[in-house]
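J.: Please find the sequence and the predicted model below.
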Amino acid sequence: MTQFSTITPEIVQQIELAVGAENCFIGDSINEDFTRDEMPIYGSSTPELVCEPASTEEVSAVMRICSEANIPVTVRGAGTGLVSGCVAIEGGVIICMMRMNRILEYDMKNLFVRVQPGVRLCDLAADALTHDLMYPPDPGEKTASIGGNVSTNAGGMRAVKYGTTRDYVLAMTVVLPSGEVLEIGRPVTKTSTGYSLLHLMIGSEGTLGIITEITLKLIPNPQESVSFLLPFADIHAAIASVPSIRLSGLDPQSIEFMERDIVDSSAEHTGNHIIPTTVNGQEAGAYILVTFDGNDVDEIYQRAESLAELADEAGAFDTLVLEGPEKRKIWELRGAFLSVIEAEEKLIDEMDVVVPVDAIPEFLGFVHEQGEVHGLRIRSFGHAGDGNLHIYCCSSSLEKDEFLARDKQIMDASYAKCAELNGQVSGEHGIGAAKSAYLKQSVGDTAMGLMTGIKAAFDPKGILNPGKIV
């Protein structure tokens, strides 16, 4: 374990000179939010100092100070992560990037935008629309920062058609742990120019460098989109319909799945009853939610006719059309799922595994069985089109220690089952501190050795986001 130094008054003064004393916080002035992320079950840790730089130069100055003094540094965006990736588990300094929140430039000829990392996803998406452009990545947490999205390679609901964050990052400015500034990538659409440091940085969760500027690809905004709800008897029937939808050439923007349990809770919690529980006299146990987009609404409805035929063959009770206010309400309900679980349950833990699409029912069935064996409630929803599942172990009656003991048994068994099904530990939330043991089990010693070597090459002192991933 690396032995880090503690912050001295002299170091505090140096950092205050670098970013401004009004942008530095120590002791009781540190907001409690900086001690944790959105999954508090993994614990909290208070940094010695929080600073909020406003430029690449200020970030570089702070890193030079910390590198020379051997002070650990944790990078933080909006703090919406779920794996303790932005928690300062070794103390030291938190560099919060949220003051760097400007959209710097649109290039309308080459269809890209330059942003600072503290720009929120919702703000970039809305601003791009004013230029009749779309930023396609669509993670569920719209208030997350773009820098955080890039650092975890966030996916989201539109990944089926448009891919993940990685597919839209063209270039970035990075401050290395030494404080050196590195420009990687270029605003071009293809390259075969050596090792891709750009793609190595994407998804590295703040362990290799601090992203201070990002160039992102945009696309023309589709003028029309319509959603369709397919109710089924159970989750097995619902998921069984997905391969045929994907292979049909209908080009869906998203394919989501929802189990009845979470739909009922969300309707009760939000008062939004847009999703029917009984359709054509039959009780729905699970749902598939499909969205098509394009520039011609008539063409979308032609695809919808084919979708309805596929759905009928797969056993759907109906194909319900959702436009305008209905479409907005159903996606608001879908977006509220995690908030509903947090409101209803005292203790929760989460996995966001990704498995082959046809393995979703088997994996979900396995986890629900584990929940019954160990006495924890299992809640689930996710991205049926790409096999990324959001599964929550929950309890409102157990004490924390007992919950964690049972939760670990479920998690251990579930991640082993995920590996057996040729899946991956995380589809979009990352590894952080919470899932590092499962990563090692999943990829093996050789791959972990290579990752450790990459970390050492970028960060020989091990000061940047220590305790995460490797």
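T.: All right, it came through fine.
J.: Pretty sure Ile288 sits against Val242.
T.: Yes. Using C-beta atoms under 8 Å, Ile288 is in contact with Val242, at 6.9 Å. Placement of C-beta: from N, CA and C, glycine included.
J.: residues bridging contact with those two, i.e. touching both?
T.: The contact sets of Ile288 and Val242 overlap at 255, 257, 384 (C-beta atoms under 8 Å, 6 or more residues apart in numbering).
J.: you'd agree Lys346 is up against Glu399?
T.: No. The pair Lys346 and Glu399 fails to qualify as a contact (C-beta under 8 Å) at a distance of 9.7 Å.
J.: shaky segments in the stretch 301-450 of the chain?
T.: Low-confidence segments of the stretch 301-450 of the chain (pLDDT under 70): none present.
J.: Please work out how many residues are found near Glu323.
T.: When neighbours are defined as other C-beta atoms under 10 Å, Glu323 has 13 of them.
J.: So which of the shared contacts of Ile288 and Val242 wins on neighbours?
T.: Ala384 (29 neighbours).
J.: Quick one: residues contacting that residue.
T.: Contact analysis of Ala384 by C-beta under 8 Å, 6+ apart lists 238-239, 242, 255-257, 288, 357, 360.
J.: Among those residues, name the ones in helices.
T.: Secondary structure defined by DSSP state H assigns 238-239, 242, 360 of the contacts of Ala384 to helices.
J.: Closest to Glu10 out of those residues?
T.: Among these, Ile360 lies closest to Glu10 (C-beta to C-beta), at 55.5 Å.
J.: Does that closest one touch Ala240 like I think?
T.: No. Taking contacts as C-beta under 8 Å, Ile360 lies outside contact range of Ala240: 9.4 Å.
J.: follow-up on the earlier one: neighbour count for Ile288 and Val242, which is higher?
T.: Neighbour count, other C-beta under 10 Å: between Ile288 and Val242, Ile288 has more, with 28 against 24.
J.: need the contact list for Val354.
T.: Taking C-beta under 8 Å, 6+ apart, we find Val354 in contact with 386-389, 423-424, 426-427.
J.: Figure out how far the helix or strand harbouring Glu342 is from the centre of its chain.
T.: According to DSSP states H and E, Glu342 maps onto helix 337-344. In terms of C-alpha atoms, centre = their mean, to the nearest Å, the gap separating the centre of helix 337-344 from the centre of its chain is 17 Å.
J.: got it, and stretch 243-252?
T.: Here stretch 243-252 is found 25 Å from its chain centre; the criterion is C-alpha atoms, centre = their mean.
J.: Please spell out which residues along it are buried.
T.: Of all the residues in stretch 243-252, those buried under the rule 16 or more other C-beta atoms under 10 Å are 245-246, 250, 252.
J.: how far does that stretch stretch from start to finish?
T.: Taking C-alpha to C-alpha, to the nearest Å as the measure, stretch 243-252 stretches 12 Å from start to finish.
J.: What lies in contact with it?
T.: With contact meaning C-beta under 8 Å, 6+ apart, stretch 243-252 is reached by 160-161, 255, 288, 290-292, 303, 306-307, 310, 313-314, 357-358, 385.
J.: Can you tell me which of the residues you listed are buried?
T.: If we count by 16+ other C-beta under 10 Å, the contacts of stretch 243-252 have these buried: 160-161, 255, 288, 290-292, 303, 307, 310, 314, 357, 385.
J.: And these, which is closest to Pro136?
T.: Nearest to Pro136 among those, counting by C-beta to C-beta, is Lys161 at 7.9 Å.
J.: Provide a complete list of residue ranges assigned to helices in the stretch 101-250 of the chain.
T.: Ranges of helices in the stretch 101-250 of the chain, per DSSP state H, counting those that start in this stretch, are 121-129, 146-152, 159-162, 197-201, 235-240, 242-247.
J.: Outline the domain layout of this protein.
T.: 9-99, 103-220, 225-324, 345-440 (automatic domain parsing).
J.: I'd like the average pLDDT over the shortest one.
T.: Averaged across domain 9-99, the pLDDT comes to 97.
J.: Next: the longest one.
T.: If you average the pLDDT over domain 103-220, you get 97.
J.: Endpoints of it, how far apart?
T.: 18 Å.
J.: In space, what's closest to Val83 - neighbours in sequence excluded?
T.: Gly432 (3.1 Å; C-beta to C-beta, 6 or more residues apart in numbering).
J.: Would you list the phi and psi of that neighbour?
T.: Dihedral pair for Gly432: phi 50, psi -140, per degrees, to the nearest 10.
J.: Surely it and Leu439 touch.
T.: No. Gly432 lies out of contact with Leu439 (C-beta under 8 Å); the separation is 9.9 Å.
J.: Report all helices and strands that the lengthiest helix in the chain contacts.
T.: As assigned by DSSP H, the longest helix anywhere in the chain is helix 436-458. Secondary-structure packing of helix 436-458 (3 or more C-beta pairs under 8 Å, 6 or more residues apart in numbering; DSSP states H and E): helix 400-420.
J.: and the helix it packs on, how far out from the chain's middle?
T.: A distance of 21 Å separates the centroid of the chain from that of helix 400-420, by C-alpha atoms, centre = their mean.
J.: what does that helix rub up against?
T.: Identification of contacts with helix 400-420 by C-beta under 8 Å, 6+ apart yields 41, 347, 349, 351, 353, 355, 363, 366-367, 370-371, 374-376, 391, 393, 395, 398, 424-425, 438, 441-442.
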